[in-house]
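**Student:** got a sequence here, can you build the structure:
(chains A and B)
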Amino acid sequence: MKTMSICIGSACQVKGSYHVVKALNEMITAQGLKDEIELVGSFCMGKCNEGVAVKCDDVIYSVSVDNVEEIFEKILRGN
Amino acid sequence: MPLFMDIANDSVNKVHEELCGDNVEIRVNDESVIAILADGLGSGVKANILATLTSTIAATMLEEKLGIMDVLETLEATLPKCQVRNLAYSTFTIVQVFRNRMAYILEYDNPPLVFIRNGEIIELNRTAIEFQGKSVYETTMKIEKDDIMAFFSDGVIHAGIGNCLNFGWQWEEAANYLLARSYEDKRAKDISMALIDICYNLYGEEPGDDTTVVVMKAEERKYLTLFSGPPLDKSKDAQIKNILDKARGIKIVCGGTAGNIVAREYGEEIEIDMSTMSEKVPPIGRMKSVDLVTEGVLTIRETLRLLEDYLHNRCGREIFEERNGASMLANYLINECTNIDIIMGNSINPDHQNPDFPEELSIKWKVTQKLIDLLRYFNKDVNIVYI
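**Tutor:** Residues are numbered from 1 along each chain as shown, chains lettered A, B, ... in the order given. Reported below is the predicted structural model:
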């Protein structure tokens, strides 16, 4: 079980955390990973400049709507 | 403990008039709350001047603790005489509620005040004072929690004359309408807005007279403390816990960093409720010692927008019922408290000052100020604690 926390602070929200959460949820459902990955929200991680900040296994990734698939694959491969 | 007076007033102008011939003056000070409704003779500029003079003079004199006879004499001597009718004339209703819960009511020629207690309209024990051949009615009584006092200009009871009702609706009907509203509506503002709306409709959206209502509701004080923005000096973080520990009533934290600080000081975890996420507003957080944790600037801005829409009657109470941070915050601020303490830190998130970022992030301070102004307009007792 992996936990991915997505920053939903002001800056990340403006940069599209709502859409990132939606995209991640869709991918998790599509790939049937519901029991393996848990999405949680988190307030500011102090990476406002690099948002949307997504944290998994203590690594913070800078995710946007455009690269969300790529990063998701990367995190899965690291598994 | 003095009761909190929730006061609201609404008006519609006579059709084609830019100015309202009724005026409401509200004064709140340490000793008492004064609300005055004056209805100037005629309409338009002249009526507006008469009503404004009457209400302002009376409010100022009462605030300075002058006797009622002095007030009446001053009004009589000051008001300009109407050239058409050769009368100096403005009707008025004065309600003054003191800290010791005594209410003083003075009525002159306006429709009688509607006093609602325990779900019933009660008759006031009025005494007539004679003043230069006219009768002014005075009432002194003790008010209780949840009492509602509503008073209005004659535009209310004339609503509908010659339009959908032959003789308008009578005082009894207007009073019963207020009584019915008092069962379901919590805030004075809801009741006053409802009454003015129905009058406007009875007039067929072309009011034949200036129509104004004032609603006062006595409530127990309910407290809310809102922590918005971390202190500039990090060593003060611990003080926040002290303040929140001492605070009575509801506790709310607005801001991600502010939330993190509170969670750290209390040694608790914030749990984010992702189901409250929406495109406009980030989701809310929950933690044990605090009633609500929300994101900062975006949520406050959305709350402000909701409240402005509500104030200008562009939407109804449904704005308080949605499941998102802004709606919940609005509900707490408007419906769940009378006194609000806002703890404001001066710290600025340096990342938010990035010129590439949208402007809305750098304006938290400005948005919070606007919210405070609006809450004061909603008659909340707002205190700001800078830290």
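**Student:** C-alpha only now, for contacts and for neighbours.
**Tutor:** Noted.
**Student:** now residue 54: which helix or strand?
**Tutor:** Went with chain A since none was named. strand A:53-56 (DSSP states H and E).
**Student:** wait, I meant chain B there
**Tutor:** Going by DSSP H and E, residue B:54 is in helix B:44-63.
**Student:** tabulate the CA atom coordinates of that helix in CSV.
**Tutor:** The C-alpha trace of helix B:44-63 is given here as CSV (Å, rounded to 0.1, in the frame of the first residue of the first chain):
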residue,chain,number,x,y,z
GLY,B,44,-37.8,61.9,-2.8
VAL,B,45,-35.3,64.5,-1.7
LYS,B,46,-37.5,66.3,0.7
ALA,B,47,-38.6,63.2,2.5
ASN,B,48,-35.1,61.9,2.6
ILE,B,49,-33.8,65.0,4.2
LEU,B,50,-36.6,65.0,6.8
ALA,B,51,-36.0,61.3,7.6
THR,B,52,-32.3,61.7,7.8
LEU,B,53,-32.4,64.7,10.0
THR,B,54,-34.9,63.1,12.4
SER,B,55,-33.2,59.8,12.8
THR,B,56,-29.7,61.3,13.1
ILE,B,57,-30.7,64.0,15.6
ALA,B,58,-32.6,61.5,17.7
ALA,B,59,-29.8,58.9,17.6
THR,B,60,-27.1,61.4,18.5
MET,B,61,-29.1,62.9,21.4
LEU,B,62,-30.0,59.6,22.8
GLU,B,63,-26.5,58.4,22.6
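**Student:** helices and strands around that helix, which ones?
**Tutor:** Secondary-structure packing of helix B:44-63 (3 or more Cα pairs under 8 Å, 6 or more residues apart in numbering or on different chains; DSSP states H and E): strand B:22-28, strand B:32-40, helix B:68-78, strand B:90-98.
**Student:** can you add mean neighbour count, distance to chain A and mean pLDDT and give the ones you listed back as a markdown table?
**Tutor:** Putting those into a markdown table (neighbours: other Cα atoms under 10 Å in any protein chain shown; distance: least, Cα to the nearest Cα, whole Å; pLDDT from 0 to 100) gives the following:
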| stretch | mean neighbour count | distance to chain A | mean pLDDT |
| --- | --- | --- | --- |
| strand B:22-28 | 22 | 37 | 93 |
| strand B:32-40 | 26 | 40 | 94 |
| helix B:68-78 | 15 | 54 | 88 |
| strand B:90-98 | 24 | 44 | 93 |
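**Student:** tell me if the helix or strand bottoming out on mean pLDDT in chain A is near chain B.
**Tutor:** Every helix and strand of chain A was ranked by mean pLDDT, DSSP states H and E. The lowest is helix A:10-14, at a mean of 84. Yes. Residues of helix A:10-14 contacting chain B under Cα under 8 Å from any Cα of the partner chain: A:10, A:11, A:13, A:14.
**Student:** what number of residues lie near the first one?
**Tutor:** The one in question is residue A:10. Counted with other Cα atoms under 10 Å in any protein chain shown, the neighbours of residue A:10 add up to 26.
**Student:** look up how far residue A:45 lies from it.
**Tutor:** Applying Cα to Cα, to the nearest Å, the value for residue A:10 to residue A:45 is 11 Å.
**Student:** could you check the angle the helix holding residue B:54 makes with strand B:90-98?
**Tutor:** If you take axes from the mean of the first three to the mean of the last three Cα atoms, to 10 degrees, helix B:44-63 sits at 30 degrees to strand B:90-98.
**Student:** next, the buried residues of helix B:44-63.
**Tutor:** For helix B:44-63, a neighbour-count test (16 or more other Cα atoms under 10 Å in any protein chain shown) marks B:44, B:46-59, B:62-63 as buried.
**Student:** got a list of contacts for that helix?
**Tutor:** B:17-27, B:34-41, B:68, B:71, B:75, B:79-80, B:89-90, B:92 (Cα atoms under 8 Å, 6 or more residues apart in numbering or on different chains).
**Student:** now do it, average pLDDT.
**Tutor:** Averaging pLDDT along helix B:44-63 yields 92.
**Student:** in the stretch 251-387 of chain B, which spans are strands?
**Tutor:** For the stretch 251-387 of chain B, the strands defined by DSSP state E, counting those that start in this stretch cover B:271-273, B:284-287, B:290-294, B:339-344, B:381-386.
**Student:** near chain A, which residues of chain B show up?
**Tutor:** B:255-257, B:259-260, B:271-274, B:277-279, B:281-283, B:295-298, B:351-352, B:358, B:361.
**Student:** what do you get if the cut-off is 7 Å, keeping everything else the same?
**Tutor:** When proximity is defined by Cα under 7 Å from any Cα of the partner chain, chain B lies next to chain A at B:256, B:257, B:272, B:274, B:278, B:279, B:282, B:295, B:296, B:297, B:298, B:351.
**Student:** ranges for the helices of chain A?
**Tutor:** Using DSSP state H, the helices found in chain A span residues A:10-14, A:17-30, A:68-77.
**Student:** minimum distance to residue A:50: which of these has it?
**Tutor:** helix A:10-14 (8.5 Å; Cα to Cα).
**Student:** residue in chain A with the shortest distance to chain B?
**Tutor:** residue A:43 (4.8 Å; Cα to the nearest Cα).
**Student:** count of neighbours near that residue?
**Tutor:** Neighbour number of residue A:43 under other Cα under 10 Å is 28.
**Student:** and residue B:318, by the same measure?
**Tutor:** Neighbours of residue B:318 (other Cα under 10 Å): 9.
**Student:** picking that back up, let's have the strands of the stretch 251-387 of chain B in a markdown table, adding mean neighbour count and mean pLDDT.
**Tutor:** Converted to a markdown table, the strands of the stretch 251-387 of chain B look like this (neighbours: other Cα atoms under 10 Å in any protein chain shown; pLDDT from 0 to 100):
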| stretch | mean neighbour count | mean pLDDT |
| --- | --- | --- |
| strand B:271-273 | 18 | 89 |
| strand B:284-287 | 22 | 91 |
| strand B:290-294 | 23 | 93 |
| strand B:339-344 | 20 | 92 |
| strand B:381-386 | 14 | 89 |
